[in-house]
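Trainee: how would this look folded up:
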Amino acid sequence: MRRLPVHLTLNTDGRPHPVENIMTVATLLVGLVAFCLGFVVRAHVVASWLGAIGFFGGMYAQFMSSTTAQRSLIIVGVVTSFVGAALGIAHGGFLPKP
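Mentor: Residues are numbered from 1 along each chain as shown. The predicted structure follows:
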């Protein structure tokens, strides 16, 4: 019994989607950064803005996505962006404290 190597791809339909793949990865990365920075009280401005950008950018990426694999990663990015933005807002919001 021979095992086939695992091939990870976002292009599960067999066609290349470079722009959609870039938007997918960008949404995921921005969301993860916003989520991590949301726990740092002094980074509330960056977390709030990155979270908002990741959320709305992720919504656009979800609209433009072509495959289920892209949509799955985009949702993870959107949720982490939302949580990062919420934590950033809870710690002080979009503007620096005077």
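Trainee: packing partners for the top helix by length along the chain?
Mentor: If you go by DSSP state H, the chain has its longest helix at helix 68-90. Contact here means 3 or more CB pairs under 8 Å, 6 or more residues apart in numbering; DSSP states H and E; on that basis helix 68-90 packs against helix 18-38, helix 44-64. From N, CA and C alone the C-beta is placed, and that goes for glycine too.
Trainee: Dump those helices to JSON lines, plus distance to residue 77, mean neighbour count and mean pLDDT.
Mentor: Shown next, in JSON lines, are the helices and strands packed on helix 68-90 (distance: least, CB to CB, whole Å; neighbours: other CB atoms under 10 Å; pLDDT from 0 to 100):
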{"stretch": "helix 18-38", "distance to residue 77": "4", "mean neighbour count": "20", "mean pLDDT": "96"}
{"stretch": "helix 44-64", "distance to residue 77": "5", "mean neighbour count": "20", "mean pLDDT": "97"}
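Trainee: Let me have those helices in a markdown table, extended by distance to residue 90.
Mentor: Listed next are those as a markdown table, based on distance: least, CB to CB, whole Å:
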| stretch | distance to residue 90 |
| --- | --- |
| helix 18-38 | 8 |
| helix 44-64 | 8 |
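Trainee: Tell me which of these approaches residue 87 most closely.
Mentor: Closest of the helices and strands packed on helix 68-90 to residue 87 is helix 18-38, at 3.0 Å (criterion: CB to CB).
Trainee: could you check the distance from residue 3 over to residue 69?
Mentor: Distance of residue 3 to residue 69, computed by CB to CB, to the nearest Å: 21 Å.
Trainee: Ok, residue 94 next?
Mentor: Distance from residue 94 to residue 69, by CB to CB: 33 Å.
Trainee: So which of these two has more stuff around it?
Mentor: Each of residue 94 and residue 69 has its neighbours counted (other CB atoms under 10 Å); residue 69 has more, 17 against 14.
Trainee: so how far is residue 82 from that one?
Mentor: Taking CB to CB, one finds residue 69 at 21 Å from residue 82.
Trainee: Check residue 67 too.
Mentor: Noted for residue 67: a distance of 23 Å to residue 82, by CB to CB.
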